[in-house]
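K.L.:
Predicted structure and sequence below. I'll ask about it afterward.
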Amino acid sequence: MFKIITIYNQEIKFISLDILGNIEIIKILNSSYIYFSDILNLAPDKFKANIIVFWHPEYYFVPIGIENTDIFSICCVGDWNINFINLHASIRQFDHIITDQKGINAFKKYNFNNLSYFPLFSLRIPNYTNINLIKKYDILFIGNINQNVQTERSKYLYRIAKLSEKYNVLITSGIYGDEYQKTLSESKIIFNRSVRSEINARVFETLKAKSLLFLEEENLESEYYLKPNYNFVTYNEHNLENLIDFYLENDHKREEIVNNGGKFIEEYSTEKFNQDFYLHIIKIYQNKVKNNNPFMNYSEEQKLNVYYTQAIMTLDKSVLTKVKKIFPLNNNSAEIVNIFAITLYNEKDYNTLFYYLKNVVKEFPKHLPLKINYLNTLLELNLLEKAEIFIIKSIEIINIEVFNLDDLKGVFIKEIYTRFQIELENVFSSDIDNNLIESIKNIYLWKFYFEMGNIKRIQKDNTQAEYYYTLADKLMTSSITKNILGNLCEELGQLSEAYKMYIQAFKDDLFNSKNLNDLISLEIKTDYTLEESINRKWMTIMDSSPLYDTNFIAKKLYQNENIKHKLALINKHKEDKILVSNLAKKILEMDSLNYQALSDLGDIYYSENEYKKSLDLFSKCLNIKKDRQIIEKIINCLKELGDTETLRKIIY
């Protein structure tokens, strides 16, 4: 008889079941226990386990002592990509690791050899009942739309959304339970793009809902169980739209593949996958090689680093409090110093944190996580001048020093699911070998350039802001940087360049309302005259998803009509300077770059001998549009101000 203890980190009942006659399983809820012995005590007295299975160490604290047990220990890692930098150090306690194929490749890079594959998401196939509903959606996507996490997916969603012009497209997020099942079952095609090239939960959910599964061609696991173009469809960047057209125009072919998928999912039920999973575990156990546990050879300081890092990253925040009581921190290494800084931040003791980091960054000048945490603290306290000086010094160090991986690893203040953190995780787990350290350094440089751009923008130094944002964008392009560069270009009157930036930002992050807001605002402002202006097509894309907030669109359209009305009044009452002045000021409150309002208000200031104010407004007009009359008005202002040097430059 094989006896298995499965340790979950979510609320389930203690249950015991018998599978295949010779496997007995106890499922235990790990209620934030720190020590493995406390978890073992939850099992019945006479239950002597052969195997321990621990779930999701990427999210939950690995109990201390599991590395010392005689019981064969296995961990199941799902979202390893979210916290890979620290995860690969903290799961060496286990004798064996089960994960997806891409995870196996990533862990092998860090000298793991106790690895095997199993489709972990197959263990929770839903038992759908309403599967024969009318298919009212042609194409559906439900899932994570965070562009930082799903960079590749975002690019495909833009292409899917554009198809709403001819198909009934639904792109949505945050739907669960019965509504989620119903929406899947009401869809002809379900677009899926996994984050780790794995068979994710939506693969099985789609087959169960009797909808056509579209899955990326480069998926590493699909052919373990499925057959392309038999029970699902593979797409790539070149054929996506053509395949969608084909399967929506050929109902019989679509239904044939859907039916084949339905037969597969009936055969491979959750029960069948569970049996396969435990048989896989038994096979590992029978061929077991007890891990020559490298964790046992860690120094006390290294173990302390692992315990605290896990406690900080775990979803259960009570764990950190417990770990702090058991293990006092010392300041012998950059990693421990950095962790102590995180604990101060979590306690919101910002002033102590500031003085602490101010000193330790000098003691460990090459540890980049410490630098990022000090920078984030300076920004949190709005110490912009200190932050600016610190960024310049940090960039110099990155460009001249030689780094090793330990200088680049750590946990961060305020960096959860940010582009910076996700890109670091991606590079650490990538296939890059020769230029790994250089690639990681570039992500840190991106962070420093980006934050310097933010500082310069706050200081209203748009030229320097544009310079630093452009440097950041060259290292790592992002929709955030593109949008900000668009804002800067618009403020400088470079409207065509701003429009290009807004389009790219929108394509990269489809559901960030600011991207769409800025794009449509600029189209309205220029009366749809910009080169490549697509205007109504954005409305078509908006039809693809309820995630768009149309209120801001209505507000912009109303504002545009309001401005047109006020401009008409100005043209009608040109002689009434007070009225024109008031109307122009109101227009500029809504649209700071309205050409006519700037020009008319400039004329009024000139007539009132306010030549400096007049010059400022005419200069803004010139940035928007080169106009001979405006140049003449600028020359007149300069003459009145006696600015002969500037006047000479303009004339000659």
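P.N.:
Everything's here; your move. Residues are numbered from 1 along each chain as shown.

K.L.:
all strands of this protein, in order?
P.N.:
Remark: strands assigned in the chain by DSSP state E are 2-8, 15-19, 23-29, 51-55, 72-76, 96-99, 115-117, 137-142, 169-172, 187-192, 212-216, 233-235.

K.L.:
Just the pLDDT at residue 126, thanks.
P.N.:
On pLDDT, residue 126 comes in at 74.

K.L.:
you'd agree it is up against residue 181?
P.N.:
Yes: under the criterion of Cβ atoms under 8 Å, residue 126 makes contact with residue 181 at 6.6 Å. The way it works is simple: take the backbone N, C-alpha and C, and place the C-beta from them, glycine included.

K.L.:
rewinding a little: which one of the strands of the chain has the poorest average confidence?
P.N.:
For the strands of the chain, mean pLDDT drops lowest on strand 15-19, to a mean of 52.

K.L.:
Show me the shaky parts of the stretch 401-550 of the chain.
P.N.:
Applying pLDDT under 70 to the stretch 401-550 of the chain flags the ranges 415-417, 432-434, 527-540, 542-543, 548-550.

K.L.:
can you rerun that using 90?
P.N.:
405-406, 409-437, 476-480, 491-494, 496, 499, 503-504, 506-550 (pLDDT under 90).

K.L.:
Now for residue 513, how many residues are close by?
P.N.:
By other Cβ atoms under 10 Å, 15 other residues sit near residue 513.

K.L.:
I misspoke; the intended subject was residue 235.
P.N.:
19.

K.L.:
who's in contact with it?
P.N.:
Contacts for residue 235 (Cβ atoms under 8 Å, 6 or more residues apart in numbering) come out as 214, 215, 216, 217, 243.

K.L.:
cool, and residue 506?
P.N.:
158, 479, 512, 515, 516, 519, 538.

K.L.:
Which pair of these spans the longest distance?
P.N.:
Pairwise distances across the contacts of residue 506 (Cβ to Cβ) peak at 15.5 Å, for the pair 479 and 538.

K.L.:
Compare those two (neighbour count), which wins?
P.N.:
More crowded of residue 479 and residue 538, by other Cβ under 10 Å: residue 479, with 24 against 18.

K.L.:
so how far is residue 519 from the more buried one?
P.N.:
Distance of residue 479 to residue 519, given as Cβ to Cβ, to the nearest Å: 12 Å.

K.L.:
Mind listing the shared neighbours of these two?
P.N.:
Counting by Cβ under 8 Å, 6+ apart, the common neighbours of residue 479 and residue 519 are 505, 506.

K.L.:
Find me the pLDDT at residue 280, would you?
P.N.:
Note on residue 280: pLDDT of 92.

K.L.:
when you give positions from now on, start the count at 9
P.N.:
New numbering, starting at 9: the last item is residue 288.

K.L.:
If you drop the residues flanking it in sequence, what lies closest to it?
P.N.:
residue 126 (5.5 Å; Cβ to Cβ, 6 or more residues apart in numbering).

K.L.:
domain ranges for the chain?
P.N.:
Using automatic domain parsing, the domain parsing of the chain gives 10-129+283-304, 134-276, 318-556, 560-659.

K.L.:
Now render the ones you listed as TSV, adding distance to residue 311.
P.N.:
Formatted as TSV, the domains of the chain follow (distance: least, Cβ to Cβ, whole Å):
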stretch	distance to residue 311
domain 10-129+283-304	7
domain 134-276	29
domain 318-556	9
domain 560-659	52
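
K.L.:
Show the buried residues in the contacts of residue 243.
P.N.:
By neighbour count, with 16 or more other Cβ atoms under 10 Å, the contacts of residue 243 hold 222, 223, 224, 251 as buried.

K.L.:
Contact partners for the last one?
P.N.:
So that's residue 251. Taking Cβ under 8 Å, 6+ apart, we find residue 251 in contact with 222, 241, 243.

K.L.:
Number of residues surrounding the residue nearest to residue 288?
P.N.:
By the criterion of other Cβ under 10 Å, residue 126 has 19 neighbours.

K.L.:
what's the answer for residue 576, then?
P.N.:
The tally of other residues near residue 576 (other Cβ under 10 Å) stands at 11.

K.L.:
how close does it get to residue 413?
P.N.:
On the measure of Cβ to Cβ, residue 576 and residue 413 end up 66 Å apart.

K.L.:
Then residue 229?
P.N.:
On the measure of Cβ to Cβ, residue 229 and residue 413 end up 29 Å apart.

K.L.:
more neighbours, these two?
P.N.:
A direct count of neighbours by other Cβ under 10 Å for residue 229 and residue 413 places residue 229 higher, at 22 against 12.

K.L.:
give me phi/psi at that one?
P.N.:
phi -120, psi -10 (degrees, to the nearest 10).

K.L.:
coming back round to it: list just the nearest of the contacts of residue 514 to residue 357.
P.N.:
Nearest to residue 357 among those: residue 520, at 33.3 Å, using Cβ to Cβ.

K.L.:
got a markdown table for the contacts of residue 243, with distance to residue 385 too?
P.N.:
Listed next are these as a markdown table, based on distance: Cβ to Cβ, whole Å:
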| residue | distance to residue 385 |
| --- | --- |
| 222 | 45 |
| 223 | 44 |
| 224 | 40 |
| 225 | 45 |
| 251 | 50 |
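
K.L.:
How about the contacts made by the nearest residue to residue 114 once chain neighbours are set aside?
P.N.:
Closest residue in space to residue 114, ignoring its immediate chain neighbours: residue 437 at 4.0 Å, by Cβ to Cβ, 6+ apart. By Cβ under 8 Å, 6+ apart, residue 437 lies in contact with 88, 89, 92, 114, 117.

K.L.:
switch the cut-off to 7 Å
P.N.:
Counting by Cβ atoms under 7 Å, 6 or more residues apart in numbering, residue 437 touches 89, 92, 114.

K.L.:
Are any of those buried, and if so which?
P.N.:
Buried members of the contacts of residue 437, scored by 16+ other Cβ under 10 Å, are 89, 92, 114.
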